[in-house]
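Enquirer: What shape does this take:
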Amino acid sequence: MLLKKGLEVEMYTGTFSGDIVGFSDKIVENLEGFVREPDKRNVEYMTTPCREYEELLCQLIQPRLRLREFLKGQGDYTIIPGSTLSLGDSSQFYPSDPGNPYHEFIEKTYGTKVVTASIHINIGLDDIEVLMRAWRVIRLEASLYLALSASSPFLDRKTTGFHSTRWSSFPKTHAAMPIFASHQDYIDWTHEQLRQGTMQNVRHLWTSARPNGPDRPTDLDRLELRICDLISDPLKILALTALMEARVWQVMEDPSLDPLTNSPHSLEELALIAAKNEDLASEKSLDACLHSWQTGETICARDWLTEIYHQVFPWAQKHGFDKFLRPLCSILENGNEAQIWLKQLEKGENLTEIFSQRIAEMMKEESELNRNHCQEMLPSCADS
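Expert: Below is the predicted model:
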């Protein structure tokens, strides 16, 4: 039996030429399953916790199809790829819910740095200490998922010098989150942040990966990876999810895979390494030179990912989801979205051409996947 998993997907809306236009207030009022973000230029939907990848694929695609139909009715608008305001305006905030005190705090404190699009991957785990061990591993390898998913090399119609402008500028809260040795350490640390006011509430923990559950920090049931940029290809989203699930299976079945006992670094050093690796991956993604938590050596992100891919493949194969892992090879060989777009720019294409082409490709991909796999939504497998 596979682990439960779910996705949180943030996306921009706008024109077919890539200009970003906000509709989240109208979308939330008219479409079930969508929730608003503080700025109305992006909107979020979530999949129901599910074990099977085929079901997850349908849950990923079908809300997009409904959203596209709704946007057509607003004047021929669509979904925009990328994780920053690539062809937008970051100088102005467009509140989606004026008067919402939490949204007002976010706008006043962070401005448009939070107006980004991303994928959050959640993997369900029942054993708390196994969850914390898996979190330690995923937290220290989060930079690799960013390297695979980077899709924000532009902001305000300009290149920024980063493959993930989103993560380079996103306000990490808490910026100095430790590597926790136990669940109790996490509980104590969270309560102390709330007491000091460095966190507004238990949701106000914007870091690359976090333990999550119905009553944080005490009642936890899943591991959430938050670092990924928005990947527009659904099959590649599933590939990152499969990589994370396979790594978690490896952690579950191999107790020695734990930074507490299998690293040359202290927990304090590891926290600094994780943050530095994320900074490096945000700039150069798959070409970044990162610091391995296991060996202490410097390694290219692409090479590290290739090693982990081969390590976890037997677990994916054992549990029957290896075919969903395989699209990672295409990313490693051809580059992530940011790298592909930057190559197109070097060849003389402009941003409007790049985004118009990708928008058309997205629509075709989703339509074909829906026709071939998801003509009728399967029943939810949340309880299967």
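Enquirer: Show me what the strand ranked longest in the chain is packed up against.
Expert: When the chain is parsed with DSSP state E, its longest strand is strand 5-14. Under the contact definition 3 or more CB pairs under 8 Å, 6 or more residues apart in numbering; DSSP states H and E, strand 5-14 sits against strand 42-46, helix 53-73, strand 78-80, strand 119-124, helix 234-253. Using the backbone N, CA and C atoms, a C-beta is placed for each residue, glycine as well.
Enquirer: same thing but 10 Å
Expert: With contacts taken as 3 or more CB pairs under 10 Å, 6 or more residues apart in numbering; DSSP states H and E, strand 5-14 sits against helix 24-30, strand 34-36, strand 42-46, helix 53-73, strand 78-80, strand 119-124, strand 222-225, helix 234-253.
Enquirer: Take these and write them to TSV, including mean neighbour count, mean pLDDT and distance to residue 354.
Expert: Below are the helices and strands packed on strand 5-14 laid out as TSV (neighbours: other CB atoms under 10 Å; pLDDT from 0 to 100; distance: least, CB to CB, whole Å):
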stretch	mean neighbour count	mean pLDDT	distance to residue 354
helix 24-30	18	96	24
strand 34-36	18	96	27
strand 42-46	22	97	19
helix 53-73	18	97	20
strand 78-80	23	98	12
strand 119-124	23	98	20
strand 222-225	23	98	27
helix 234-253	22	98	18
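Enquirer: Where do the helices of the stretch 101-250 of the chain begin and end?
Expert: 101-110, 128-149, 165-169, 183-196, 234-253 (DSSP state H, counting those that start in this stretch).
Enquirer: quick one, what contacts residue 311?
Expert: Shown in contact with residue 311 (CB atoms under 10 Å, 6 or more residues apart in numbering): 246-247, 250, 254, 257.
Enquirer: just residue 177 next, same as before
Expert: Residues near residue 177 by CB under 10 Å, 6+ apart: 139, 186, 189-190, 193, 205-210, 271, 274-275.
Enquirer: if you set the cut-off to 7 Å instead, what comes out?
Expert: Residues in contact with residue 177 (CB atoms under 7 Å, 6 or more residues apart in numbering) are residue 207.
Enquirer: picking up where we left off before, dump the helices and strands packed on strand 5-14 into TSV; add distance to residue 302 as well.
Expert: Formatted as TSV, the helices and strands packed on strand 5-14 follow (distance: least, CB to CB, whole Å):
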stretch	distance to residue 302
helix 24-30	36
strand 34-36	35
strand 42-46	29
helix 53-73	24
strand 78-80	28
strand 119-124	20
strand 222-225	19
helix 234-253	14
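Enquirer: Nearest approach to residue 92 belongs to which of the ones you listed?
Expert: Smallest distance to residue 92 across these (CB to CB): 14.2 Å, for strand 42-46.
Enquirer: Pull the distance from that closest one to the chain's centre.
Expert: Relative to its chain's centre, strand 42-46 lies at 12 Å (CA atoms, centre = their mean, to the nearest Å).
Enquirer: Equivalent analysis for stretch 54-67, please.
Expert: Offset of stretch 54-67 from its chain centre (CA atoms, centre = their mean): 17 Å.
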